[in-house]
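Visitor: build me a model:
(one chain, ligands or ions: 1)
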Amino acid sequence: MIEDKEKHLESVRRAGDYIKGLLGGRKIPEICIVLGSGLGPLAGSCEEYFSVPYSDIPGFPRSTAPGHAGKLIVGSLSGKDVFMMSGRFHYYEGYPVETVAFYVRVLGSIGVKTLFLTNAAGGIKTESVPAFVAIEDHISFFADPVLRGPNIEEFGTRFPDQSNVYDKELISLLEECAKDLGIKLSRGVYAYTKGPQYETPAEIRALSIMGADCVGMSTVPEAICASHMGLRIVGMSCVTNLAAGISKGPLSEKEVLDNAAAASEQSCALVKEFIRRL
Ligand code: HPA
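Guide: The predicted structure is shown next:
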């Protein structure tokens, strides 16, 4: 929990100033794409101006999750200037939840307007894998509340509305792109769990009854922070496995990473087309 508002604002400012310094006179990109598992190769499609390891940015933690490179890229994708978070931070890595979402406040406060969050997820209502889900809403009852503590009015209100966390127009745009590329994409509700253990079959049954379509261990802290500060958010899950109890065998990280990799050509094509039309 953030205890000292001024100290937190100062660290957001310091990280923002550091990134602005690296940009020199270059215009600050208004789009940030967060590369979840399987989306890593998208970094290769970006005409990179420069990149910086997270460990060099003041206040940024290190990314320790497998398949997460751990650097901020600034470049051009499909003709648009973008930030790319190549790797993100997860609560299960041991960071406080506000640290997980710290980058959102930093990039949002220097000028990012649209946040594209991607992740790998387990499928609850999915028939086969890999599959793609445009996140239309989320469930985060089990999460540590990222906005707990003194409210930071500079970012948003004490009790932010959550009726439209994921931008409807952007969901439609993502759907149009998928249709034109011949990629199957459904809409769905993403349930957030803290991990790192996968869910039990009973937990998946409960999430299913609650209305979840897929489940994962990321994205939601960032989406809450981003919506608090009024960013436009689009989220996409790559369903890499059937969730526990639905899957015939035990879940494994290998299955997740293999299926994310198998889907990466399509997921990268979809993100690129979306950015092109944005
Ligand atoms: N559960 C939670 N997180 C995940 C899963 C899952 O089944 N697959 C990929 N990330």
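
Visitor: find the nearest non-adjacent residue to Cys225, please.
Guide: Leaving aside its sequence neighbours, Cys225 sits nearest to Ala101 (Cβ to Cβ, 6 or more residues apart in numbering; 4.0 Å). C-beta coordinates here come from the backbone N, C-alpha and C atoms, glycine included.

Visitor: which parts of this protein sit against the ligand?
Guide: Remark: the part of the chain in contact with the ligand comprises 120-122, 193, 198-199, 215-217, 240-241, 243, 251, 256, using Cβ under 6 Å from any ligand atom.

Visitor: are any of the residues you listed buried, and which?
Guide: Burial by neighbour count, judged by 16 or more other Cβ atoms under 10 Å, picks out 120-122, 193, 198-199, 215-217, 240-241, 243, 251, 256 from these.

Visitor: give me the pLDDT for the most centrally placed residue in the chain.
Guide: Nearest to the centroid of the C-alpha atoms of the chain, with distances taken as Cα atoms, centre = their mean, sits Leu117, at 3.1 Å. With respect to pLDDT, Leu117 scores 98.

Visitor: for it, helix, strand, or coil?
Guide: Going by DSSP: H, G, I helix; E, B strand; the rest coil, the secondary structure assigned to Leu117 is strand.

Visitor: residues contacting it?
Guide: Leu117 sits next to Val34, Gly36, Ile135, Ser218, Thr219, Glu222, Ala223, Ile233, Val234, Gly235, Met236 when contact means Cβ atoms under 8 Å, 6 or more residues apart in numbering.

Visitor: any idea how far it is from the ligand?
Guide: In this structure, Leu117 and the ligand are 14 Å apart, going by Cβ to the nearest ligand atom, to the nearest Å.

Visitor: how about the residue nearest to that residue when sequence neighbours are not counted, secondary structure?
Guide: The shortest distance from Leu117 to any non-neighbouring residue, by Cβ to Cβ, 6+ apart, is to Gly235 (4.4 Å). When the structure is reduced to helix, strand and coil (three-state DSSP), Gly235 reads as strand.

Visitor: so Gly235 sits against Ile135, correct?
Guide: Yes. Counting by Cβ atoms under 8 Å, Gly235 touches Ile135, with 3.4 Å between them.

Visitor: who touches both of the two?
Guide: Where contact means Cβ under 8 Å, 6+ apart, the residues bridging Gly235 and Ile135 through contact with each are Leu117, Tyr166, Tyr190, Thr219.

Visitor: narrow these to those in strands?
Guide: Judged by DSSP state E, strands contain the following of the shared contacts of Gly235 and Ile135: Leu117, Tyr190.

Visitor: give me the residue from the chain nearest the ligand.
Guide: Across the chain, the shortest distance to the ligand (Cβ to the nearest ligand atom) belongs to Gly122, at 2.1 Å.
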